[in-house]
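**Student:** Next come a sequence and a model predicted from it.
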Amino acid sequence: MRRTKYSGFISEFSAGAGFSRTFLGGTTYKVDENGNISVIKLAGYNYALITIGGGFGYDFSMKKQLPLSAFTKMNIITMFPYNSTIYFRPVLELGIRYTPVVFRSKSSKESVALSKQK
Amino acid sequence: MKQIFFFITLLILNGCQKEKITVSSNASDAFYVDNAGASMRVLVQGNTASSTFILVIHGGPGLSSYFYDTKYISNNLGDKFAMVYWDQRNAGASQGTSNGGELHLDQMVEDLKKVIEVLKYRYGQNMSLFLLGHSFGSLIAADFITTADYQNMIKGFINVDGSHNYPLNDTLTREALLKEGNYQVSQNKNVEKWLPIISYCNSHTGNFSIEESQQLGSYASEAENYVDSINHINIVNQVLKYSITNKYPVTAILSNLLYSEDSNFNKELAIKQFSSSLNIVTIPVLLLFGKYDFTCPPDLGKNFYNHISSIDKRFVLSPQSGHNMILEDKKFFCNEVASFVLIHR
């Protein structure tokens, strides 16, 4: 969910659910009861994943004819069951977003209208 | 096009897990050992060409071997031997899903056995292998060397500030806190800090519950701050110093630590002791303890020393360290370990 005010200020919140497949960063060995050793191909784990994030930024196209916006966003990615608990990873995004004109004109108008309604 | 994309993806993924076995004076190989629902990370650093390996069994439960991989150890032990850093199940960078039911001491001993088997498979069956247990890691090692003929898989054991008997550990922690606390008070040093510790020890005299055991452990860590003779190291700064360069999986370490601290595993550990079975141990043993270690007091090391049947055994006290001798008296630690390994490899 992203809102752009007439002043160009952007606020954003996102949440999502998904699936994560990890791949271990090295050869993974399995030893059987007789001491025989084999290599597990593409070793890793499947986890359920939930991510939430929020951020803010500035849309330069609102005041100037620049199809760019700058933003920062903090996301928390959680994966479970990870060793019988929850694994979390904070991710900080800092970026510049380019919006092609064909998409910008419509979305900007909607955002401005929304902003005026408030 | 789709097939090409799939093929390239497979190649990349296989590339990440390509078997890398380095025999040199400056190796750095990471691999995993999969057992009973856990994939445990093992990092081999240093002189693998020496064919002499020191396998570090970290403390905790739930800490990580990452904390033991310091520049000083690399330069003073890793130059002569290969250092092996094993992250136990539910610890450090080890992965798994719903595997909490497998978190118990006997399983960890079997994990350790398999890690050793894989090490020998990779670097040669004739290697000289030593176990180095710190704190809780020595409990795993004590269980290992008293199980069947497992001690024959290694050349020797180095017990650093380790515990092999949790009930005795609590008793000795209380005694050590009382002894040092009363001395410090008599010297008029940190009196207001020591008095609550002394008071707690005087009102809790034995047959400790889990809560009492944890409180004694908490006081044992705290008390080290009130002893001037310890060469104090700021552990937080130490972690920050290496977290970037050694690529610590910080949040994974934290998640695993919180889970392990709160799990039923600690109830199992509270009654574990190996003093009565240590008499079957005949391999060379080096015991290194900090004079001011209240968490695993030196008398615990003496109990270990007195119960083993090894002819070749040595107990040494560091005069300037508490529970973290590896950092607080690193020169003493590396010198003692190197001398012991060079003699017995």
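**Tutor:** Received it, and whenever you're ready, just let me know what you need.

**Student:** So for the residue most central in space within chain A, what's the nearest residue that isn't a sequence neighbour?
**Tutor:** Against the mean C-alpha coordinate of chain A, by C-alpha atoms, centre = their mean, the closest residue is residue A:75 at 6.2 Å. Distances taken as C-beta to C-beta, 6 or more residues apart in numbering or on different chains put residue A:53 closest to residue A:75, at 3.4 Å, once the chain neighbours are dropped. Placement of C-beta: from N, CA and C, glycine included.

**Student:** where in the chain is pLDDT low?
**Tutor:** The chain I'm using is chain A. Along chain A, segments meeting pLDDT under 70 span A:103-118.

**Student:** my bad, the chain I had in mind was chain B
**Tutor:** By pLDDT under 70, the low-scoring segments of chain B are B:1-17.

**Student:** Could you pick out the longest helix of it?
**Tutor:** As assigned by DSSP state H, the longest helix anywhere in chain B is helix B:166-186.

**Student:** Need phi/psi at the residue nearest to residue A:75.
**Tutor:** phi -160, psi 160 (degrees, to the nearest 10).

**Student:** right, and it touches residue A:14 too?
**Tutor:** Yes - in this structure, residue A:53 is within contact of residue A:14 by C-beta atoms under 8 Å, at 5.0 Å.

**Student:** Now the common contact residues for these two.
**Tutor:** Common contacts of residue A:53 and residue A:14 (C-beta atoms under 8 Å, 6 or more residues apart in numbering or on different chains): A:73, A:75.

**Student:** Looking at the two, which is more packed in?
**Tutor:** Taking other C-beta atoms under 10 Å in any protein chain shown, residue A:53 and residue A:14 do not tie; residue A:53 has more neighbours (18 against 13).

**Student:** give me the residue from chain A nearest chain B.
**Tutor:** Taking C-beta to the nearest C-beta as the measure, the point where chain A comes nearest chain B is residue A:84, at 3.2 Å.

**Student:** follow-up on the earlier one: please confirm that the residue nearest to the centre of chain A is located within a strand.
**Tutor:** Yes - per DSSP: H, G, I helix; E, B strand; the rest coil, residue A:75 lies within a strand segment.

**Student:** what's the closest non-adjacent residue to residue 40?
**Tutor:** No chain in the question, so chain A it is. What sits nearest to residue A:40 in space, not counting adjacent residues and going by C-beta to C-beta, 6+ apart, is residue A:28, at 4.5 Å.

**Student:** Chain B is the one I meant
**Tutor:** Spatially, and ignoring its direct neighbours in sequence, residue B:40 is nearest to residue B:94 (4.4 Å; C-beta to C-beta, 6+ apart).

**Student:** Residues of chain A that sit close to chain B?
**Tutor:** Taking C-beta under 8 Å from any C-beta of the partner chain as the criterion, chain A approaches chain B at residues A:22-31, A:35, A:37, A:39-47, A:81-90.

**Student:** which residues in the chain form strands?
**Tutor:** In the absence of a named chain, chain A is used. Assigned by DSSP state E, chain A shows strands spanning A:2-4, A:9-21, A:27-31, A:37-40, A:46-59, A:68-82, A:85-98.

**Student:** think we crossed wires, I meant chain B
**Tutor:** Along chain B, counting by DSSP E, strands occupy B:27-35, B:38-46, B:52-57, B:82-86, B:95-96, B:128-134, B:156-160, B:285-290, B:313-318.

**Student:** out of those strands, nearest to residue B:197?
**Tutor:** Closest to residue B:197 of the strands of chain B, according to C-beta to C-beta: strand B:285-290, at 17.9 Å.

**Student:** Direction included, what does that closest one pair against?
**Tutor:** strand B:156-160 (parallel), strand B:313-318 (parallel) (DSSP bridges).

**Student:** Now the closest residue to chain A within chain B: closest residue in space that isn't a chain neighbour?
**Tutor:** Closest approach between chain B and chain A, counting by C-beta to the nearest C-beta: residue B:100, at 3.2 Å. Closest residue in space to residue B:100, ignoring its immediate chain neighbours: residue A:84 at 3.2 Å, by C-beta to C-beta, 6+ apart.

**Student:** ok, now how distant is the one you found from residue B:157?
**Tutor:** To residue B:157, residue A:84 is 30 Å away according to C-beta to C-beta, to the nearest Å.

**Student:** quick one, which of the two is more surrounded?
**Tutor:** Neighbour totals were compared for residue A:84 and residue B:157, and residue B:157 leads with 28 against 21 (other C-beta under 10 Å).

**Student:** Identify the residues contacting the more buried one.
**Tutor:** With contact set as C-beta under 8 Å, 6+ apart, residue B:157 has these partners: B:130-133, B:141, B:145, B:151, B:281, B:283-286.

**Student:** So what's the residue count around the spatially closest residue to residue B:27 that is not a sequence neighbour?
**Tutor:** The shortest distance from residue B:27 to any non-neighbouring residue, by C-beta to C-beta, 6+ apart, is to residue B:48 (4.3 Å). Residues lying near residue B:48 (other C-beta under 10 Å) number 26.

**Student:** got a list of what residue B:48 touches?
**Tutor:** With contact taken as C-beta under 8 Å, 6+ apart, residue B:48 is in contact with B:22-24, B:27, B:29, B:82, B:123.
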